[in-house]
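> need the 3D shape of this:
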Amino acid sequence: MFSALNTIEVPIQQLAEIDLFHPGASWAKERRPAVVDTVRARLVQLASCLDGDAHLVGSFSAADILMTSVLRLLRHTDLLDEHPVLVAYKERCEARPAFAKALAGQMAAFR
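From the prediction side, this is the model:
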């Protein structure tokens, strides 16, 4: 859970901010390649942590809900597609009723 929020999410959130809120800014165009490199490195690490496992820590857990929520932030890019194991992991987790319930609870605050 800490990895999702403190290791994986930080560079992904930076990329989302650049792409969604500052796409035309000169500083963003200069900064984006380094952020993409960091995101790619983190995704390689995450893919290796799964190492053929269906979930991060044994069975489906809150760690998977958090990680999947973070990975969804990349949906405006094709970076996740570089790791079929992560695409399958994200899709598997999104299909879980517990994920749908957690996401609905989070989104309720924005209605």
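
> enumerate every residue touching the residue nearest in space to the middle of the chain.
Using CA atoms, centre = their mean, the residue of the chain that lies closest to the mean C-alpha position is Leu71, 1.6 Å off. By CB atoms under 8 Å, 6 or more residues apart in numbering, the contact set of Leu71 is 8, 12, 80, 86, 89-90. Quick note: C-beta positions are derived from backbone N, CA and C, even for glycine.

> could you export the residues you listed to a markdown table, including columns for neighbour count?
Shown next, in a markdown table, are the contacts of Leu71 (neighbours: other CB atoms under 10 Å):
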| residue | neighbour count |
| --- | --- |
| Ile8 | 21 |
| Ile12 | 23 |
| Leu80 | 20 |
| Leu86 | 21 |
| Tyr89 | 23 |
| Lys90 | 22 |
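
> ok, those residues vs Gly52, which is closest?
Lowest distance from Gly52 to the contacts of Leu71 (CB to CB) belongs to Tyr89, with 10.8 Å.

> excluding chain neighbours, what is closest to that closest one?
Leu50 (6.0 Å; CB to CB, 6 or more residues apart in numbering).

> with Arg40 instead?
That would be Leu79: by CB to CB, 6+ apart, it lies 6.6 Å from Arg40.

> and the one you found, what does it touch?
36, 39-40, 43.

> which one of these has the most neighbours?
Neighbour tally across the contacts of Leu79 (other CB atoms under 10 Å): the maximum, 23 neighbours, falls on Val39.

> residue with max distance from the center of the protein?
Ser26 (25.5 Å).

> how about stretch 13-20: buried residues?
14-16, 18-19 (16 or more other CB atoms under 10 Å).

> what of stretch 60-77?
Quick answer for stretch 60-77 (16+ other CB under 10 Å): 60, 63-71, 73-74.

> mind listing what the residue nearest to Tyr89 touches?
56, 85-86, 89.
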